[in-house]
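>>> okay, sequence plus prediction incoming.
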Amino acid sequence: MKSIILSTTALVLSAGVAFADTTVRMGTEGAYAPYNFINDDGEVDGFERELGDALCEAAELKCEWVTNEWDSIIPNLVSGNYDTIIAGMSITDERDEVIDFTQAYIPPEASRYIGLSEDADIDGVVASQTSTIQSAYVAESGATLLEYATGDELIAALRSGEADSVFFQGSFLEPIVEENADIVWVGEPVPLGGGVAMGIRESDAELKAKFDAAIETMKADGSLNTLISKWFGEGAQTF
């Protein structure tokens, strides 16, 4: 459940999406499994690809997928390079000052520390992804923060000894802990954020309403919970 810190927000769009003849461009990162990733065919895949396609169908929208690096994903939404963000993005008060959010399609989820031993130092040098709610938390904790562009770089920093521990989203770290005997959970989970939602330009109230209605329909009929369990496991928190 990521969070971006923006130093400036000078871009404002005066017009929204025209649904009659416009394709809605779905912006994602493509590097944050199981939320979103690029598969062997070079296509966007993952939970949010399947969810986004279902939401577009329910809202009767023609949609296409666009990838963008995480650290510029909000500015490029505001500037019009795509029409939504659907990229494991947590709802935060700071971001809500810049863009609008749909209702959450993932409940709030705990972030976790990992290390090479259970007594790894979580107050020392801690690695986290750049411009996330996790990196902001580490910076405020008093630990020494090392920021990296991707999740894979966090694990490399831990193994190389650059970082004493890693702090990131639990669902991203869980398969890493399960598949690597040398990496273990450290400490207790830390709840952060207000759930994961789609980011929409403030000028696109009609588009937000369409996706809100589609998300609500998927919650009501149970299909959203089915997708969450499929991609995050039967023990994942659902609605």
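Thanks, I have the structure now.
>>> give me the next element, helix or strand, following the longest helix that the chain contains.
Longest helix in the chain, counting residues (DSSP state H): helix 205-221. Where DSSP states H and E defines the elements, the next helix or strand beyond helix 205-221 is helix 223-232.
>>> quick check: angle from that following helix to helix 205-221?
Interaxial angle of helix 223-232 relative to helix 205-221 (axes from the mean of the first three to the mean of the last three C-alpha atoms, to 10 degrees): 80 degrees.
>>> and the contacts of helix 223-232?
Contact with helix 223-232 is made by 34-35, 46-47, 50-51, 54, 105-106, 171, 215, 218-219, 236-239, as judged by C-beta atoms under 8 Å, 6 or more residues apart in numbering. Placement of C-beta: from N, CA and C, glycine included.
>>> please repeat the previous calculation with a cut-off of 7 Å.
Helix 223-232 has contacts (C-beta atoms under 7 Å, 6 or more residues apart in numbering) with Pro34, Gly46, Phe47, Glu50, Leu51, Tyr105, Ile106, Ser171, Met218, Ala236, Thr238, Phe239.
>>> burial check on the last one, number of neighbours?
If I follow you right, that is Phe239. Using other C-beta atoms under 10 Å, Phe239 has 16 neighbouring residues.
>>> how many other residues sit next to the closest residue to it other than its chain neighbours?
What sits nearest to Phe239 in space, not counting adjacent residues and going by C-beta to C-beta, 6 or more residues apart in numbering, is Lys219, at 5.1 Å. For Lys219, the number of neighbouring residues by other C-beta under 10 Å comes to 16.
>>> tell me where this structure has helices.
Using DSSP H, helices in the chain cover 47-58, 73-78, 93-96, 133-141, 151-160, 170-179, 205-221, 223-232.
>>> returning to what we had before: mind putting the contacts of helix 223-232 into CSV with distance to Val98 and pLDDT?
Output for these, formatted as CSV (distance: C-beta to C-beta, whole Å; pLDDT from 0 to 100):
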residue, distance to Val98, pLDDT
Pro34, 27, 93
Gly46, 25, 98
Phe47, 25, 98
Glu50, 27, 98
Leu51, 23, 98
Tyr105, 20, 98
Ile106, 21, 95
Ser171, 25, 88
Met218, 26, 98
Ala236, 29, 87
Thr238, 29, 93
Phe239, 26, 94
